[in-house]
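Undergrad: I'd like to go over a predicted model; first the sequence, then the structure.
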Amino acid sequence: MSSLIPRYNTGFPIGVIADTHGLLREEVLELLDECELILHLGDVGNKEADKAILERLATRATVHCVRGNIDTAAWAESLPLHQDIMVNDRRLHLVHRLEDFDSAIPCDAVLHGHSHKPRNEIQAGKRLFNPGAAGKRRFKLPITLGKLWVDEGGVRGAILHLL
């Protein structure tokens, strides 16, 4: 494996959010308070000021973020379209749109956003995890975020409903 993949060892849950669309709710910050690592799965926002969402999250924990389809402001150009990270020797693959995931990539979990629909299931031996949308409400979908626990038993996840 490449040494360029960030590696973490933690006994704390990992915060997973997506689709904030320019809105970082106080409840999200409270629910992520115990996390040492936060993963944002794209669609942070399309305005220059939306970079502040990632900066604010970074005051609480280490943040990794991939670029979503609405992340078009100049600051977002440096965000990768996908990223792998290792947590407790488990490989997590981050991507905004699940259809952009290459199934040949070896990983224990695929973390994705885009649809605003929470998902936490196992398919073909991989956990597919979408925390839903933590920002602006879309249609009648819930406002949610996720947490992951990564240990010798594998990758476990939970979807937390805000509203």
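TA: The structure has been received and is ready for your questions. Since the structure is predicted, the reported quantities are computational estimates derived from the model, not experimental observations. Numbering: from 1, shown residues only.
Undergrad: what secondary structure does residue 50 sit in?
TA: Using DSSP: H, G, I helix; E, B strand; the rest coil, the secondary structure recorded for residue 50 is helix.
Undergrad: Find the nearest non-adjacent residue to it, please.
TA: Excluding its sequence neighbours, the residue lying closest to residue 50 (Cβ to Cβ, 6 or more residues apart in numbering) is residue 22, at 4.8 Å. Quick note: C-beta positions are derived from backbone N, CA and C, even for glycine.
Undergrad: Identify the residues contacting that neighbour.
TA: Taking Cβ atoms under 8 Å, 6 or more residues apart in numbering, we find residue 22 in contact with 44, 45, 46, 47, 49, 50, 53, 135, 136.
Undergrad: Now it, what are its backbone angles?
TA: Backbone torsions of residue 22, given as degrees, to the nearest 10, read phi 80, psi 10.
Undergrad: Tell me how far it lies from residue 153.
TA: 37 Å (Cβ to Cβ, to the nearest Å).
Undergrad: Likewise for residue 141?
TA: Residue 141 is 30 Å from residue 153, by Cβ to Cβ.
Undergrad: ok now do residue 146, which residues does it touch?
TA: Residue 146 neighbours (Cβ under 8 Å, 6+ apart): 15-17, 118, 120, 129-132, 157-160.
Undergrad: list the buried ones in the helix or strand hosting it?
TA: Using DSSP states H and E, residue 146 maps to strand 144-151. Neighbour-count burial for strand 144-151 flags 144, 145, 146, 147, 148, 149, 150 (criterion: 16 or more other Cβ atoms under 10 Å).
Undergrad: related to what we said a few turns ago, so residue 141 and residue 153 - more neighbours on which side?
TA: residue 141 (14 against 7; other Cβ atoms under 10 Å).
Undergrad: Could you look up the SS state of the more buried one?
TA: coil.
Undergrad: Identify the residues contacting it.
TA: Counting by Cβ under 8 Å, 6+ apart, the residues that residue 141 touches are 116, 117, 132, 133.
Undergrad: what do you get for residue 84?
TA: Counting by Cβ under 8 Å, 6+ apart, residue 84 has contacts 5, 91, 92, 93, 94, 105, 107.
Undergrad: per-residue confidence for the closest residue to residue 20 other than its chain neighbours?
TA: Leaving aside its sequence neighbours, residue 20 sits nearest to residue 135 (Cβ to Cβ, 6+ apart; 3.7 Å). pLDDT, residue 135: 94.
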